[in-house]
Each structure stands twice: as structure tokens, then as C-alpha cells.
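In: Return a 3D structure for these sequence lines:
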Amino acid sequence: MEASVILILTAIAHYALQLAVLLRALIRPGREATSRLAWVLVILSVPALGVVLYLLLGEVSPGRRRAERMRAVRAGLPTEAPGIAQAEVPDRAEAAFGRAASVNGFAVLPGNRVSLSDDASGQLAALVEAIDAAERHVHIVVYIWLTDETGRALAEAVMRAAARGVTCRVMVDGLGSRALVRSDLWRAMTAAGVKTRIAFDTRWAAGRSLLGRVDIRNHRKIFVIDGALAFCGSRNCADPAFLPKAKYAPWHDVLMRLEGPVVWQVQALFAADWTGGGGDALSAELAVAPAAAPDGVPGLAFGTGPDLSPGAVADVVGLLLAAARQEVVISTPYFVPTAGLLEQLRATALRGVAVTLILPARNDSRMVAFASRATYPGLMQAGVRIVEHAPGLLHAKTLRVDEGLMMLGSANLDRRSFELNFENNILLADPVATADLAALQTRWIAASRVLTAGEVAGWSLPRRLAHNIAAMISPVL
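Out: Numbering: from 1, shown residues only. Here you go, the predicted structure:
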């Protein structure tokens, strides 16, 4: 009898917990309907495991105390670049820039100079040269920092800067740079006087899972030198060979060099991460902004995150699509859009805009590759051109609209970047910078294969099933 009572009480407790979690999944604000439905199905179909999965992965908070600390830090940081007036952008770009500006409270700033590079050796040389020329400070936050040739070259440049009295602050993500933070190189950087921090440390992950979601990542790629020069894009501190996933190499990345007032905004994003992660305050570094160049262009930096206007990346992309008149070209390695963004892409093509998606022929994430390809038939039916890039993995996250608007940064067009990762992006309104991006995209397309409707229609039944199942699961990931 006692055993049966225990079983009954256990069953009651289980169903009570399942009901509570189910209600939470149903009422959690800001969740897309497809994601809500997917979680309901998971909780009901695999009861015990579904509850555990939801408790671990169903929410997007990094933890209450951490979130409160980060919000308090951001609230105390300035949002206006000292002495810089707001710039104007073309009328059709106002909505996209306005949505991006709402994320951090920044304004579109004039007088920025930009240049782009997709040459890996040239990118590394430019970063090392900039760090070697630093006089006051070097600030870096990056998702992946490996101990390979690139990682060591950048670490040595930072240590050289610290040795000559430059204040160097380096923050890396606990998962993406897990090998570095356990290495002699990380300890050498600290011993050399480099201030180091780990964003979302993965040590004691089991215990941290009780306080907040453990797979939230700082996916940003930010390099700021003396508050006057910044580099942003898709480039991590790693070789193109990318040894952890060498079979997908080489990684192809784009890096943007920035000078002008928008560098102040990039610095402010770093300051929020650094101080929010337990580092010292950067008030003095934000007291002055770089001057606007007379021949510079309007630009805006914005940084998103799970507690920073979730969905902002998808919103900005959707508004850029709405502004398009002739052409849209997008490159992203991970393409798992929301239902709304998917329909926006189709609608853009259906109204006569030439839409091209540049995606990898081989993706390092099979689940993402399957979910991406589930979207191909509908997109191609609407007239979207899909090209798959090879060899290697095109890791550049870029979006170009006509001959005057562009977005570039760390965010992919997937649900992790929309809801879970801390990302940084740059919006520009300038025909010259956009033409430079167009030249890179044209080269990437030349190294790609255009998919045909017949080829996609000929995919086998098992393959189509795998694609669609992955797409169904994607809202849960």
C-alpha cells in the first residue's frame, strides 16, 4: 500500500509540474506561435524529458541576477555620442534605421569611413597593425578565440601593447573560446597585464542551469583601438582552416574597418558587455567621440541580445526588405528564419525585387542545413534565387539592398541570433560602401552553384522528410 501511495503521489507531482510548465510555455510573452506550439508538443509527447528540456532550454533569460546587473550597467551608460549631431538617412531607410536605433537608444551618426575585406591574411595583418599602433587602449570581445596561428598572433600583439602601457581588455565567450581559457596562452595574457573576462563561463554549467539558460552566448566580434578605430564583422580570432571543424574549411569571413563617430557606439557596446560581465567601468573612454569626417557616411551600430529587444535583427532585416526596389543579396551561414521573415522574403521577390540568398553548400550544423533547405521550395516558387557556396564555408553575414543600404555584423538569420545570442551589427546608408559589398558578394556568387527548381523538386522523400522535421523542431532549438 505504501508503495502504491508513493507512486500515486509521484504521478500527481509529475502531472502538476507538467501542467505548470505547459502553462508557462503557453503564457510566456514574446514567443512566436510556432515556437509555442513546438514546445507544447514536446512537453506533451515526452512528458518527463519535455519538462526537463523546457526548464533547461525553454526560456531565454541568462538568470535573474545576471540580467538585472546587465540592465543596470546599460542604464548607466550614455547613449549619445558627445558632440555629434544625428545624421539623416534616405526616407525609405528610416524605418529600418529607426528600429535598429531603438535597441540601444543610439542615433544614426554622420561622417564615418568604412572599408571591407574578405581576405583572411589581410584581415589578420590589419588587426595586428592596429593593435601594434595602439596608444591608449585595446578592447576586444569575440565569440571564438583559438590557440592557432591567428589566435596566437593576436594574443601576442595584445601582450605587446600591454607591455608598453596600453590598457588592454579582452572578453571571450566561455563556450566558443573554451580551449583558450584553459590554455597557457590565456594565462600568459593575464600575466602580461591584459585584463581578461569570460562571458557566460561554462564551468559549473550544471549548477548555473538552475539560475538561467546555459546556452546563451556572447556571439559578438568587436575590436576597438583607442576609441578611434573599430573592426566588426564575422571574423573570429581563428585561422580560416578552423581546426575544430577542419572538414568544412576554409572559413570565409568579412571584416569591416570603421573610423568616425559610429566607433563610439561600438565602444559603448563593448563597455556594456565588459562592465556587465564584472569588468571595470569605461566612463572615461566614452567621454569623447571621434570627429565626423566631411566625406564620411551615415552609420549606426546596434547590439542585440535575449534581454535587449529580442527579434530586433529579424525586424531590421524585414524593414530593409520592405525598402528594396531592385535587388537584395543576403549571405548567411545559418538560415533558419521566423515564419514572418520567410514570408517577407517571398513577398519581396513576388513584387519584382531580385532576391538572392548565398548559403553554404556544406554546413557545419546538419540540423541547420536541413531546416534551411526546408524553406527552399517555397522561396524558389516565389522567385528567390538560392546559390550554395563552395568550397569551404562562407561565414559572412551580410545584407545589401539596391545600391545604397547594407547591414553587416555577427548576426545570422537564425533563431539563435534572433533570440539567444548577444550580437552586433552595423547599418550603413551609402552607395560607395554598398558597392564594395556588392563586389564581394559577386565574387562569392561566382564561387557558388545556382540551385534549380527541378533539382529541389527531385529531392528524395527521406531527404524532404528530414528537412521538414528539422524545420518543425527549429523553434525549440
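In: When you work out contacts or count neighbours from here on, use the C-alpha atoms and nothing else.
Out: Will do.
In: going on from the helix or strand bottoming out on mean pLDDT in the chain, what's the next piece of helix or strand?
Out: In the chain, the helix or strand scored least confidently by mean pLDDT, DSSP states H and E is helix 205-208, which has a mean of 55. Remark: after helix 205-208, the chain's next helix or strand is strand 221-225, criterion DSSP states H and E.
In: next SSE after that following strand?
Out: Using DSSP H and E, the first helix or strand after strand 221-225 is strand 229-233.
In: what about the chain, any weak spots by pLDDT?
Out: 1, 14, 30, 56, 59, 61, 63, 204-213, 476-477 (pLDDT under 70).
In: cutoff 50 now
Out: Regions of the chain meeting the criterion pLDDT under 50 are absent.
In: domain parsing for it?
Out: Recorded structural domains for the chain (assignment: automatic domain parsing) are 2-57, 113-294, 312-476.
In: Kindly reformat these as CSV containing distance to residue 83.
Out: Putting these into CSV (distance: least, C-alpha to C-alpha, whole Å) gives the following:
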stretch, distance to residue 83
domain 2-57, 37
domain 113-294, 7
domain 312-476, 20
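In: Can you say which of those is nearest to residue 300?
Out: domain 312-476 (5.2 Å; C-alpha to C-alpha).
In: ok, now how distant is the closest residue to residue 43 other than its chain neighbours from residue 223?
Out: With sequence-adjacent residues excluded and distances taken as C-alpha to C-alpha, 6 or more residues apart in numbering, residue 43 is closest to residue 50, at 4.2 Å. Using C-alpha to C-alpha, to the nearest Å, residue 50 is found at 40 Å from residue 223.
In: which residues in the stretch 201-350 of the chain form strands?
Out: 221-225, 229-233, 251-252, 255-259, 297-304, 327-331 (DSSP state E, counting those that start in this stretch).
In: so the closest residue in space to residue 453 that isn't next to it in sequence is in which element?
Out: Nearest in space to residue 453, with sequence neighbours left out and distances taken as C-alpha to C-alpha, 6+ apart, is residue 380 at 6.7 Å. If you go by DSSP H and E, residue 380 is part of helix 376-382.
In: following that helix, which helix or strand shows up next?
Out: strand 385-389.
In: who touches that next one?
Out: Strand 385-389 is contacted from outside by 354-361, 376, 380, 444-445, 447-451, using C-alpha atoms under 8 Å, 6 or more residues apart in numbering.
In: Just want the angle from it to strand 327-331.
Out: Compare the direction of strand 385-389 with that of strand 327-331 by axes from the mean of the first three to the mean of the last three C-alpha atoms, to 10 degrees and you get 30 degrees.
In: Restrict strand 385-389 to CA atoms and write it as PDB.
Out: Taking Å, rounded to 0.1, in the frame of the first residue of the first chain, the C-alpha atoms of strand 385-389 are listed here in PDB:
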ATOM      1  CA  ARG A 385      17.500  32.800 -56.300                       C
ATOM      2  CA  ILE A 386      19.400  30.400 -54.000                       C
ATOM      3  CA  VAL A 387      23.100  29.800 -54.500                       C
ATOM      4  CA  GLU A 388      25.200  27.400 -52.500                       C
ATOM      5  CA  HIS A 389      28.800  28.500 -51.900                       C
END
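In: Show me which of the contacts of strand 385-389 are buried.
Out: 354-361, 376, 380, 444-445, 448-450 (16 or more other C-alpha atoms under 10 Å).
In: For those residues, which two are the farthest from each other?
Out: So, the buried ones among the contacts of strand 385-389 by C-alpha to C-alpha: farthest apart are 354 and 361, at 21.2 Å.
In: how far away is residue 382 from residue 89?
Out: From residue 382 to residue 89 the distance is 30 Å (C-alpha to C-alpha).
In: for residue 96, same thing?
Out: With C-alpha to C-alpha as the criterion, residue 96 and residue 89 are 10 Å apart.
In: what's the helix holding residue 380 packed up against?
Out: The contact analysis (3 or more C-alpha pairs under 8 Å, 6 or more residues apart in numbering; DSSP states H and E) places helix 376-382 against helix 339-350, helix 453-457.
In: now the angle from the first one to strand 385-389?
Out: Okay, so that is helix 339-350. 110 degrees.
In: Return the list of helices and strands in contact with the helix or strand following helix 339-350.
Out: Next helix or strand after helix 339-350 toward the C-terminus (DSSP H and E): strand 354-360. Here strand 354-360 touches strand 327-331, helix 339-350, strand 385-389, strand 393-394, going by 3+ C-alpha pairs under 8 Å, 6+ apart.
In: Buried deepest among these, which one?
Out: strand 393-394 (a mean of 26; mean count of other C-alpha atoms under 10 Å).
In: roughly how far out does that strand sit from the chain middle?
Out: Here strand 393-394 is found 16 Å from its chain centre; the criterion is C-alpha atoms, centre = their mean, to the nearest Å.
In: next one: stretch 270-282
Out: 19 Å.
In: Repeat that for stretch 241-249.
Out: That offset, for stretch 241-249, works out to 20 Å (C-alpha atoms, centre = their mean).
In: what's in contact with it?
Out: 240, 250-251, 362-364, 391-393.
In: Nearest approach to residue 7 belongs to which of the helices and strands packed on helix 376-382?
Out: helix 339-350 (42.8 Å).
In: quick one on the thing from earlier: residue 50 and residue 223: who's more crowded?
Out: residue 223 (25 against 21; other C-alpha atoms under 10 Å).
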